[in-house]
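Novice: compute the structure for the input listed below.
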Amino acid sequence: MDQLTQATTPEDIPRLFTEAWNARRADWLASLFEEEADFINVVGIWWENRADIQKAHDYGLRIIFNESTLKTGRVKTKPLGDSHAVVHARMRLTGQTPKAQAAAGIRNNLFLFVVRKHGDHWLCVSAQNTDIVPGAETHLRNEKGELVPADYRS
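Specialist: Presented below is the predicted three-dimensional model:
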């Protein structure tokens, strides 16, 4: 594959995002976004344009996720008229670079993509990536100032 294909449906966005990720091509990944798109990662870092989205993912794909594999699971699309849609996608990440304080393990995420039609293809206007924390309802801050998962049901 020499280049990423364009998204011809809203549902193509998560699949193409995954293909770009696994090819370690931040340029392909960024090409899925409008010039002034927003992207919020799992820890709340907010990039506000395509160039910054590309720069951040280039770093991440070289340093943090250089041996990772991303897989797309369930995808759900809600059309918002003929030219806009919200796309939710479950994803699974393996192979993140470990750090001394913790092994990376498997991460499950839920992506939210807001997409807009441009002629015969779709581009992402905004995206947000959220880690799925099994058994948690929210987070609390412990005495060390660290966020820890919490479940009020138990």
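Novice: list the buried residues in the longest helix along the chain.
Specialist: Counting residues, the longest helix found in the chain (DSSP state H) is helix 50-63. The neighbour-count check on helix 50-63 (16 or more other Cβ atoms under 10 Å) flags 50, 52-54, 56-58, 60-61 as buried. (Each C-beta comes from the backbone N, C-alpha and C, glycine too.)
Novice: pipe these into JSON lines and attach distance to residue 79 per row.
Specialist: Listed next are these as JSON lines, based on distance: Cβ to Cβ, whole Å:
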{"residue": "50", "distance to residue 79": "24"}
{"residue": "52", "distance to residue 79": "28"}
{"residue": "53", "distance to residue 79": "24"}
{"residue": "54", "distance to residue 79": "28"}
{"residue": "56", "distance to residue 79": "29"}
{"residue": "57", "distance to residue 79": "27"}
{"residue": "58", "distance to residue 79": "32"}
{"residue": "60", "distance to residue 79": "31"}
{"residue": "61", "distance to residue 79": "31"}
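Novice: three-state assignment of residue 65?
Specialist: What DSSP: H, G, I helix; E, B strand; the rest coil gives for residue 65 is coil.
Novice: need the contact list for it.
Specialist: Counting by Cβ atoms under 8 Å, 6 or more residues apart in numbering, residue 65 touches 21, 93, 95-97.
Novice: among those, who's most crowded?
Specialist: Counting neighbours by other Cβ atoms under 10 Å, residue 21 comes out on top of these with 23 neighbours.
Novice: roughly how far does it sit from residue 78?
Specialist: Residue 21 sits 24 Å away from residue 78, going by Cβ to Cβ, to the nearest Å.
Novice: which element is the spatially most central residue of the chain on?
Specialist: Centroid-nearest residue in the chain: residue 129, 4.4 Å away (criterion: Cα atoms, centre = their mean). Using DSSP states H and E, residue 129 sits within strand 121-131.
Novice: average model confidence for that strand?
Specialist: Summarised as a single mean, pLDDT over strand 121-131 is 97.
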